[in-house]
Each structure stands twice: as structure tokens, then as C-alpha cells.
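Student: Below are the sequence and a predicted model for it; my questions follow.
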Amino acid sequence: MTSQSLLDGLVASARPLAAQGKPADYIPALARSDPGAIGAAVMHVDASLVVCGDARVPFSLQSVSKALALPYVIDSLGEEEVFSRVGKEPTGDPFNSIIRLEASRLKRPYNPMINAGAMVVTSLMPGATVEEKLGAFSRYAAPLLGVARLDLDQEIRDSEAATANRNRSIAWFLRDLGLLGAEVELTLDAYFGQCALLVDAVGLAHYGAVLARDGLEPGSGRRLMSPRAARVTKGLMQSCGLYDGSGEFCVEAGLPAKSGVGGGILASARNRLGIGTYGPALDIRGNSLAGVHIIAGLSKGLDLFCL
Ligand code: GLN
């Protein structure tokens, strides 16, 4: 079991680190996040919870939504359909890179954890309108996050939509390659929407605990997602979940994890627990400085390394 003092100590030692980074500002609404905020939550597979700091402060999922959208589409359409359009390999490039779409032999996104691959996944979500797509996705994702419903931050959504020239370029390129399952504008609207869904560190810890048992609800043991979707998602989180910082994170923490530029990180330790962290001060790759520190510290302190 995770002790309160271990978590408190890691949050305290993360504070000076966070001062070395800053919130994402390429989405203007995110630049207003409090750079000093830090929260952490650990949920064990029996549903017992340990929290510290700003663990109940809401923030937008951003790229953590990729670790929810992927299993949703796998469970809705089947793995073959998804992976005929996107690969399973890391890139070593920034999350919003477009370069390999044209330059590589594959002519499809390398994995579903970078923006290009995530947009392909979003385009495959069932539904003819953005409301239908996001409504059904939210109904799948809410129990995984341990909440009754998911709310969307409209200001963050609009702020991203107004400034997303690079994501628009990626989406049009994907259309040119014939990889999108929906029109470009619908795909982008749904993608910005999933990124603007609000969560907190406790919710991420809950999902980490679900993944820890390959899809079973903490405590009750109720099945929330297929074991295969959980496995595939964790494999891609392990290899690609922290963008071009995935290799270093794997060395330090040895856990499947997924970060987002909203400041959240989700991690999962097999058969043991889930971790959720919040810290909007990011490193140059877009990963939460406090989050990486806290998860690596928990992994060492509790011997969570899966490697
Ligand atoms: N919505 C963000 C984007 O597409 C998500 C990126 C991230 O969290 N790394 O740029």
C-alpha cells in the first residue's frame, strides 16, 4: 500500500522542479493554468485511495484522451480496422510532428499516441455528428475515470480550435492519404472536444487502476473494457505515451503512462495500482515536470517497475 508520507514527500520535492517549466501556451487558454499547482493520487485495485495537493483540481485531458479514445475505438470497431490505418511504433518526434506522414514508407501515422494517429482514431469514433461522437465516447470513458459524466471546457476547446493550424495541416494530410473515417472538420471538432474534457488526478488514478487489472473496475471487479483493448493501450503507453520523452521515462519509471499538455499524467502498475498526477508546468517536450518526478518516485518507492 502507498503511504501518505511517501506521496506527500514526493509532492514536496516536486515543487522546485515545477519552477523550471511552464504551462503550454500554444493553446492560449492553457497558458492561464497555475504553474505552481501540483496534485497526485494513487488508487489501488481494491479502490483505496491516497491523495496529496491539488488532486481534485479539474484540468483538460488533452493527449491523455488518446489513451481513452484508442480502447474505445478498438472495443467499438475491432483492432484490425484501427491498425489498418495507424501503426504501433514510436517515432522519437514531437507529438505534433507531420514530417513522417510523407517521408516514411508507411504513409500512415506511426502510432495512436501522437496527434496524427490520434486524429485517425477519433475519425473512426461511431457517430455522424460531433455530439454523437463525443457523447458515446464520454459514456465509455466516464466509468473508466470513475465519474458519472464528463464535462467539456468550451473555452479551452474554442481556444485550441482557433489556433490549431498545425493540427489542421495534419488532418488534411491524413485525408489526402485516405486514412480518415470522417470528414476533416468533423474529425477536428471531435478531436478538440475530446482534448477539452475535464478530469482530475483522482480520475486518472482510477483509470490507471482499471488498466492495472486489464479492464476491471477497482473494488467491484466489474468489467469496463475488453482485456485486449487494455493490453494494446498499455503497450502503446509504454512505448509512446510521453511523446519523444518515452524512452527516458521508461528508464526512470518503468511503467506504462500517458501525458497531456493540460498537465496530467496517467500511469498504471500491473495488478497493483493506478497513478494520476497534475502539474501544468511542462518540460520542453510537453510533459509535466512534477508528474514525471512523482511517478518515478512512486515506482522506486513501491517497486512498481514492470521491466
Ligand atoms: N490538444 C493538444 C494538441 O493536439 C494535445 C497535445 C498534447 O497534449 N500533447 O496539440
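Tutor: Nice, I can see it. Numbering: from 1, shown residues only.
Student: Tell me where the stretch 1-150 of the chain has strands.
Tutor: 39-44, 49-53, 59-60 (DSSP state E, counting those that start in this stretch).
Student: Contacts for the last one next, please.
Tutor: Read it as strand 59-60. 30, 33, 153, 156, 195-200, 260, 262-264, 278, 280 (Cβ atoms under 8 Å, 6 or more residues apart in numbering). Just so you know, the C-beta spots here come from the backbone N, C-alpha and C atoms, and that holds for glycine as well.
Student: do that again at 7 Å, thanks
Tutor: Strand 59-60 is contacted by residues 153, 156, 195-199, 262-264, 278, 280 when judged by Cβ atoms under 7 Å, 6 or more residues apart in numbering.
Student: Return the subset of these lying in strands.
Tutor: The members of the contacts of strand 59-60 that map onto strands under DSSP state E are 198-199, 264, 278.
Student: mind giving me JSON lines with those residues and columns for neighbour count?
Tutor: Shown next, in JSON lines, are those (neighbours: other Cβ atoms under 10 Å):
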{"residue": "L198", "neighbour count": "16"}
{"residue": "V199", "neighbour count": "30"}
{"residue": "G264", "neighbour count": "28"}
{"residue": "Y278", "neighbour count": "30"}
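Student: Could you dump the strands of the stretch 1-150 of the chain into JSON lines and include distance to G78, mean neighbour count and mean pLDDT?
Tutor: Below are the strands of the stretch 1-150 of the chain laid out as JSON lines (distance: least, Cβ to Cβ, whole Å; neighbours: other Cβ atoms under 10 Å; pLDDT from 0 to 100):
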{"stretch": "strand 39-44", "distance to G78": "30", "mean neighbour count": "28", "mean pLDDT": "98"}
{"stretch": "strand 49-53", "distance to G78": "34", "mean neighbour count": "21", "mean pLDDT": "98"}
{"stretch": "strand 59-60", "distance to G78": "29", "mean neighbour count": "26", "mean pLDDT": "98"}
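Student: one step back: the contacts of strand 59-60: which ones sit near the ligand?
Tutor: Contacts with the ligand are made by C195 out of the contacts of strand 59-60, judged by Cβ under 6 Å from any ligand atom.
Student: Contact residues of the stretch 101-250 of the chain facing the ligand?
Tutor: 115, 160, 167, 195.
Student: PyMOL command to pick out the buried ones of those residues?
Tutor: With 16 or more other Cβ atoms under 10 Å as the burial test, the buried ones among these are selected in PyMOL as follows:
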select buried, resi 115+160+167+195
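Student: which residues in the stretch 151-300 of the chain form strands?
Tutor: 198-199, 257-259, 264-269, 273-278.
Student: and the ones you listed, which is most packed in?
Tutor: Highest mean neighbour count among the strands of the stretch 151-300 of the chain (mean count of other Cβ atoms under 10 Å): strand 257-259, with a mean of 32.
Student: re earlier: now tabulate the contacts of strand 59-60 in JSON lines and tack on distance to A182 and pLDDT.
Tutor: Below are the contacts of strand 59-60 laid out as JSON lines (distance: Cβ to Cβ, whole Å; pLDDT from 0 to 100):
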{"residue": "D153", "distance to A182": "23", "pLDDT": "98"}
{"residue": "I156", "distance to A182": "22", "pLDDT": "98"}
{"residue": "C195", "distance to A182": "16", "pLDDT": "98"}
{"residue": "A196", "distance to A182": "18", "pLDDT": "98"}
{"residue": "L197", "distance to A182": "19", "pLDDT": "98"}
{"residue": "L198", "distance to A182": "24", "pLDDT": "98"}
{"residue": "V199", "distance to A182": "24", "pLDDT": "98"}
{"residue": "G262", "distance to A182": "24", "pLDDT": "98"}
{"residue": "G263", "distance to A182": "29", "pLDDT": "98"}
{"residue": "G264", "distance to A182": "26", "pLDDT": "98"}
{"residue": "Y278", "distance to A182": "31", "pLDDT": "98"}
{"residue": "P280", "distance to A182": "31", "pLDDT": "98"}
